[in-house]
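Asks: Based on what follows, work out the 3D shape:
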Amino acid sequence: MLISVIIPVYNAENCLEKCLNSIQEQSFQDFEVIIVDDGSKDSSIKIASDIAIADSRFSVLQQKNSGPSTARNSGILKAKGDFICFIDADDYVDNNYLKYFVDNQIDSETLLIQDVFKVQNGTTEPNCMYENGVVDIGEVEKLIIKNKLLSYGYPFAKFFRRDIIVSNYILFNKSIHFSEDLLFLLNYLQYCKRIYFLSQPHYYYIKNGVGLSNKYHSYESEMECYKEYIKVTNAVFDYNALNKITKNKIDAGAGHFLTRAINSFYRPETSQSRDIRIQKIKMLNDKTAKINYKAWNSFYLRKIDVFLFYHGFIALFDFYKKIVFGLRYKLDKYWKIYQKI
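Replies: Next comes the predicted model:
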């Protein structure tokens, strides 16, 4: 059994060597490591190349800066292993990370997911708190509510079969810049029957407080994420058969992406004219979007936002959002107030 380990790298000189050394020390040794340098401007490429010269299991691909999705796709296309797993360059693993996957592999229709250690502010603790056990894809409540599948969609700590990825053309969507890893996972789950959650962590996820979730992109990119999320969740889960709590969790995920798309109208770098904003929001304001928007924003008590959008008062909704975001970028302290209303 050969495992392909794919590592996207961008300006990771401070942590890359520790990451790569942790893979070299694996107790399971039948692996290849594909390091994809995404146009780094620091010494990352030298660190990667030095290890590749010393250890033939490591190889390096270079590409112009195109983002982690393109980097991971490049690694997938080069991979030769029976299985693929991803590791981020600023993280590291203990020496049984790969062996734990191998020892627990059941069959070709089961995806293995490990818990991870979250390392933040000097503390290390399990992130997901999984209970060891197999959950069928049809047991949606256990997947989404108990095991928080939609919250932990990151690509690492998962054991993907390469033949499933290749035969079904599953790649990361490079035109989406937020939660593309969750969408990759959901696309993959269309071809699985069950998930085996493994409670013992062997992956150390370095939580540095600066992530893609704090970055915003064009309306088109954010909307593509929203539409793709709805498409794949409908493909994987039988929505109509779910209980109210689980439906609300799926709706809230969609509402998060929809909110990001709408908010892009009001950010200085992606702002649009009033007429265009109102026109596009009216086109979005169907029954599904109302449910999604309410499910997400109700968590944050944004009662004015929800009321105006849900009842179709789009001109007032736009006026209110314009004021809020004007304050957000002129007087940052008011943003904290907005988070509570």
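
Asks: contacts for stretch 169-189?
Replies: With C-beta atoms under 8 Å, 6 or more residues apart in numbering as the test, stretch 169-189 has contacts from 66-70, 72-73, 76, 111, 137, 149-150, 153-155, 158, 160, 164-165, 168, 195, 212-213, 215, 217, 221-222, 224-225, 228-229, 232-233, 235-236, 257, 260. Using the backbone N, CA and C atoms, a C-beta is placed for each residue, glycine as well.

Asks: Distance across it, terminal residue to terminal residue?
Replies: Taking C-alpha to C-alpha, to the nearest Å as the measure, stretch 169-189 stretches 13 Å from start to finish.

Asks: mind listing what's buried in it?
Replies: Within stretch 169-189, the residues scored as buried using 16 or more other C-beta atoms under 10 Å are 170-173, 176-189.

Asks: swap in stretch 189-200?
Replies: Along stretch 189-200, these residues count as buried under the neighbour rule (16+ other C-beta under 10 Å): Leu189, Tyr191, Cys192, Arg194, Ile195, Tyr196, Phe197, Leu198.

Asks: Can you list phi and psi of the third one for me?
Replies: When read as degrees, to the nearest 10, the backbone of Cys192 gives phi -120, psi 160.

Asks: who touches it in this structure?
Replies: Here Cys192 is in contact with Glu109, Thr110, Leu111, Ile137, Ile164 (C-beta under 8 Å, 6+ apart).

Asks: now those residues: which count as buried?
Replies: The neighbour count (16+ other C-beta under 10 Å) marks Thr110, Leu111, Ile137, Ile164 as buried among the contacts of Cys192.

Asks: out of those residues, who's nearest Asp103?
Replies: Using C-beta to C-beta, Thr110 is the member of the buried ones among the contacts of Cys192 that lies nearest Asp103, at 13.7 Å.

Asks: I'd say the closest one and Tyr191 touch.
Replies: No. Judged on C-beta atoms under 8 Å, Thr110 makes no contact with Tyr191 at a distance of 11.2 Å.
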